[in-house]
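# I would like the atomic coordinates for the input below:
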Amino acid sequence: MKLLQLQYLREIVRQGLSVSLAASSLHTSQSGVSRQVAMLEQELGLQIFERNGKRLTGLTMPGRQIVLQAEQVLREADNLKLIGEEFRHKDRGQLTIATTHTQARYFLPAIVKAFSEEWPHVQLTIHQGNPTQVAEQVANGGADLGIATEAIGKMPGLHSLACYQWNRCVVMPKRHPLKSGKSLTLEKMAQYPLITYDFAFAGGSQVLRQFEQAGLRPNIVLTAIDADVIKTYVKLGLGIGLVATMAYDAKRDEGLVMRDASHLFPANTTYVGLRRQVFLRSYMADFLQRLVPGLTRKALDAGLAAAGR
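Numbers count the residues shown, from 1 in each chain. Predicted structure coming up:
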């Protein structure tokens, strides 16, 4: 049995049982992947995959257990590499962050700048996606850390830590009727076309729930994954925008005004997630401590150990 065979097995599962996609991802031939899997099945004396002709259609019952164990073996192998790198080149390495647009655009810049100044030889990569994609990238090893408001805490195999809480504001053109008035209410908002985050983001279901509980149905004319896109269409007069408060800047968003909406919607918590059994490089722990106020390395290690158990 070889680690290479386990890597091929894992990638086939990641690629939805497509051997051709797995081969492409691993930069090898399809026949080579198939041959290694066949050799592994022969050595184990059982079939890992269900087949329809040459096409893989699912995992057998023992195959599911084998994939789980293969994942564990490969995680431990990766940890051995990380330990070696930590002691050979403590200040060098790679750190991949998966996050949403709002976090990448408004929350992370100051943290990334300070981190890069402290660790100039660490190559930092940021992948953007919706919260579910962010959690999946971390779970399958495509990213070291995931930062999002939803999904992180619900993904099996991840340890999550709360970073901060945030709420929403309503943005509108300077001459909009909602600009003035004693109190912003859901009833007033429901009178105008609404542009907000895609419902896979930022508690979209919470927004709808608040309107429903008030017996209202908002006129949502557009949803987007990007606060800047929302503000662009607000400027064009398509409606009022509901965005994270941190996404509004009076100087940058010339032509728009905002009104606080934190009294209308529940606060959201942004989390950072990482795999439970990963070995933490020094720079990775440092990045986590920048994300989570007051987090110590001792508390971080203890939390990961408890989560692993």
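
# flag the shaky bits of this structure, pLDDT-wise.
Applying pLDDT under 70 to the chain flags the ranges 79, 82, 86, 200-204, 307-309.

# domain map for it?
Domains of the chain are assigned by automatic domain parsing as 3-84, 92-165+269-308, 168-266.

# I'd like those written out as JSON lines, with mean neighbour count added.
All C-beta spots, glycine's among them, are computed from the backbone N, C-alpha and C. Formatted as JSON lines, the domains of the chain follow (neighbours: other C-beta atoms under 10 Å):
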{"stretch": "domain 3-84", "mean neighbour count": "15"}
{"stretch": "domain 92-165+269-308", "mean neighbour count": "18"}
{"stretch": "domain 168-266", "mean neighbour count": "17"}
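
# which of the helices or strands spans the residue most central in space within the chain?
Taking C-alpha atoms, centre = their mean, the centroid of the chain lies closest to Val134, which sits 2.1 Å from it. Using DSSP states H and E, Val134 maps to helix 131-139.

# following the chain onward from that helix, which element is next?
Counting by DSSP H and E, the next helix or strand C-terminal to helix 131-139 is strand 145-148.

# hang on, the earlier thing: just how off-centre is the helix holding Val134 within its chain?
For helix 131-139, the separation from the chain centroid amounts to 4 Å (computed by C-alpha atoms, centre = their mean, to the nearest Å).

# packing partners of it?
strand 93-99, strand 145-148, strand 158-166, strand 268-275 (3 or more C-beta pairs under 8 Å, 6 or more residues apart in numbering; DSSP states H and E).

# contact partners for the nearest residue to Gly129 once chain neighbours are set aside?
Distances taken as C-beta to C-beta, 6 or more residues apart in numbering put Ala98 closest to Gly129, at 6.4 Å, once the chain neighbours are dropped. When the contact criterion is C-beta atoms under 8 Å, 6 or more residues apart in numbering, the partners of Ala98 are 126-129, 133-134, 137-138, 142-143, 145-147.

# what's the answer for Val207, then?
Counting by C-beta under 8 Å, 6+ apart, Val207 touches Arg168, Thr196, Pro218, Leu242, Phe265.

# closest one to Ser25 out of those, please.
Comparing the contacts of Val207 against Ser25 with C-beta to C-beta places Thr196 closest, at 35.3 Å.

# quick one: strands adjacent to the helix or strand hosting the closest one?
In this assignment (DSSP H and E), Thr196 forms part of strand 193-197. Strand pairing for strand 193-197, using DSSP bridges, gives strand 219-224 (parallel), strand 240-244 (parallel).

# fine by me, we can end here.
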